[in-house]
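Asker: return atomic coordinates for the entry below.
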Amino acid sequence: MQRIMIIGGPGSGKSTVARRLGAATGLPVVHIDPMYWAPGWVQRSVDETYAMVEQAVRGPAWIFEGNNTPTLSMRAERADLILFLDMPRRLRMCRLVMRTLRYLGRTRPDMAPGCPERFDLAFFRFAWAYEDGGRLRARAFCTQWQGRREVLRLTSPEEVEAFLKTCEG
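Answerer: As a prediction, this is how the structure comes out:
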C-alpha cells in the first residue's frame, strides 16, 4: 500500500493517525490544512488549493489526511486505501477542546505556518454540525468508491488502535 487517504470529521484523529501511519510505514504524510489556509488564517483560493493538492497527489507514495470536498475524488483516484474515521460527535468535540487548549496561541504541526490555534466559535459550530452534513457526505463518498478502492470505516478509538497495530507490526 503506497497511497492512503484519511478523511473524517474535525477531531476524529486524522492528523494523529496519519503521523502514526507515516512513522510505521515510512510513507510521507501530507496534510490538507496548509494547502487550504495561508498564514494569518487566510483561506486560499479554490484554484490554489486544488493545484497544491494535485501536485501532492502525483507523488508515488503518500498518506494524505484531510477533507476538502472539491479534492476528494482527485485523491481517491490515486489512493490504494480510503480510511474513514467516523468517530462519535461527543468524542470529536472533546478532542477539539483538548487540542485547542493544548495548542492555544501556537501553530499545530499539521497546520499552515502563521495559523496559531484559537478558540473559534464558528469552527466549533461547524464541527458540531458535521454529523448532519459532512458525515453523511463522507459516508456517501465511501459508498461511491467501495469496490473501486479499499475502503475502511473505523468507528471507535479501539478500532483505530487495532488497525494501527496491524500497520505498526
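
Asker: next one: Val29 from Trp37, what distance?
Answerer: Distance, Val29 to Trp37, using Cβ to Cβ, to the nearest Å: 17 Å. Quick note: C-beta positions are derived from backbone N, CA and C, even for glycine.

Asker: same deal with Met52?
Answerer: On the measure of Cβ to Cβ, Met52 and Trp37 end up 11 Å apart.

Asker: next SSE after the host helix or strand of Thr100?
Answerer: Assigned by DSSP states H and E, Thr100 belongs to helix 89-103. Downstream of helix 89-103, the first helix or strand assigned by DSSP H and E is helix 121-129.

Asker: what lies in contact with that following helix?
Answerer: Residues external to helix 121-129 that are found in contact with it (Cβ atoms under 8 Å, 6 or more residues apart in numbering): 9-11, 89, 92-93, 96.

Asker: format those as JSON lines; extra columns: distance to Ala79 and neighbour count.
Answerer: Shown next, in JSON lines, are the contacts of helix 121-129 (distance: Cβ to Cβ, whole Å; neighbours: other Cβ atoms under 10 Å):
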{"residue": "Gly9", "distance to Ala79": "19", "neighbour count": "27"}
{"residue": "Pro10", "distance to Ala79": "21", "neighbour count": "19"}
{"residue": "Gly11", "distance to Ala79": "22", "neighbour count": "22"}
{"residue": "Arg89", "distance to Ala79": "26", "neighbour count": "16"}
{"residue": "Arg92", "distance to Ala79": "23", "neighbour count": "23"}
{"residue": "Met93", "distance to Ala79": "28", "neighbour count": "18"}
{"residue": "Leu96", "distance to Ala79": "26", "neighbour count": "19"}
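
Asker: for these, give me JSON lines that also has pLDDT and distance to Phe119.
Answerer: Formatted as JSON lines, those follow (pLDDT from 0 to 100; distance: Cβ to Cβ, whole Å):
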{"residue": "Gly9", "pLDDT": "96", "distance to Phe119": "19"}
{"residue": "Pro10", "pLDDT": "96", "distance to Phe119": "14"}
{"residue": "Gly11", "pLDDT": "96", "distance to Phe119": "14"}
{"residue": "Arg89", "pLDDT": "96", "distance to Phe119": "19"}
{"residue": "Arg92", "pLDDT": "97", "distance to Phe119": "16"}
{"residue": "Met93", "pLDDT": "97", "distance to Phe119": "13"}
{"residue": "Leu96", "pLDDT": "97", "distance to Phe119": "10"}
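
Asker: good, wrapping up.
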